[in-house]
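Engineer: Quick one, what's the 3D model for this:
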Amino acid sequence: MTIEPDECRRLLAEAVVGRVSWVSPTRGIQVLPVNYLLEEELIVFRVHPASVLAELASPTEVAFEVDDLDAQTATGWSVLAQGRTATLAGELPETSPWAPGDREVAIAIEVSQLSGRSVSREF
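Structural biologist: I've put the predicted structure just below:
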């Protein structure tokens with residue numbers, strides 16, 4: 001079943017970990033988990049300047065997915081955001097990166113498309 005855009009935004013705002021995917025010019029297709037926040041319609045996360053995720057400091061077309069699945073009840077949802085990355089200048093957002101080390105580069109995804117689906121097994 002399709003999830004409406006407002007509900008997709010609510011689910012994005014409540015989740016804390018998602019996967020960002022893009023085609024790296026040097027490493028091919030990448031799909032990596034990040035912890036993030038939704039701030040004024042932007043998906044924001046911080047990265048180490050020497051990581052592969054730092055490639056996203058240059059404008060890059062990406063997909064970003066969050067989901068929640070319950071194997072016992074065979075229910076869940078998935079939200080897919082598509083957009084372009086940009087760096088955030090000035091004060092960094094109040095994210096708390098899970099990975100150790102310096103995460104001083106703030107990346108924002110400017111969402112251009114948002115879609116979602118829910119699933120449930122019918123008995």
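Engineer: all contacts plus neighbour counts: C-alpha atoms, from now on.
Structural biologist: OK.
Engineer: Helices of this structure, residue ranges please.
Structural biologist: 5-14 (DSSP state H).
Engineer: now the strands for this protein?
Structural biologist: 2-3, 17-24, 28-35, 37-39, 42-47, 61-70, 75-87, 105-120 (DSSP state E).
Engineer: Quick one: mean pLDDT for the fifth one?
Structural biologist: Taken as a whole, strand 42-47 has a mean pLDDT of 92.
Engineer: can you list contacts of stretch 14-25?
Structural biologist: 29-37, 55, 60-67 (CA atoms under 8 Å, 6 or more residues apart in numbering).
Engineer: among these, which ones are buried?
Structural biologist: Neighbour-count burial within the contacts of stretch 14-25 applies to 31, 34-37, 55, 60-67; the criterion is 16 or more other CA atoms under 10 Å.
Engineer: before we move on, the earlier item: want to throw the strands of the chain into TSV with distance to residue 11?
Structural biologist: Below are the strands of the chain laid out as TSV (distance: least, CA to CA, whole Å):
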stretch	distance to residue 11
strand 2-3	10
strand 17-24	11
strand 28-35	14
strand 37-39	10
strand 42-47	12
strand 61-70	8
strand 75-87	8
strand 105-120	9
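Engineer: Can you check the pLDDT for residue 89?
Structural biologist: 76.
Engineer: ditto for residue 3
Structural biologist: 95.
Engineer: now residue 73
Structural biologist: Value listed for residue 73 in the pLDDT field: 87.
Engineer: Could I get the contacting residues of it?
Structural biologist: 120-121.
Engineer: Residue 57 against residue 107, yeah?
Structural biologist: Yes: using CA atoms under 8 Å, residue 57 is in contact with residue 107, at 6.2 Å.
Engineer: Have a look at those two and say which one is more surrounded.
Structural biologist: Neighbour totals were compared for residue 57 and residue 107, and residue 107 leads with 27 against 17 (other CA atoms under 10 Å).
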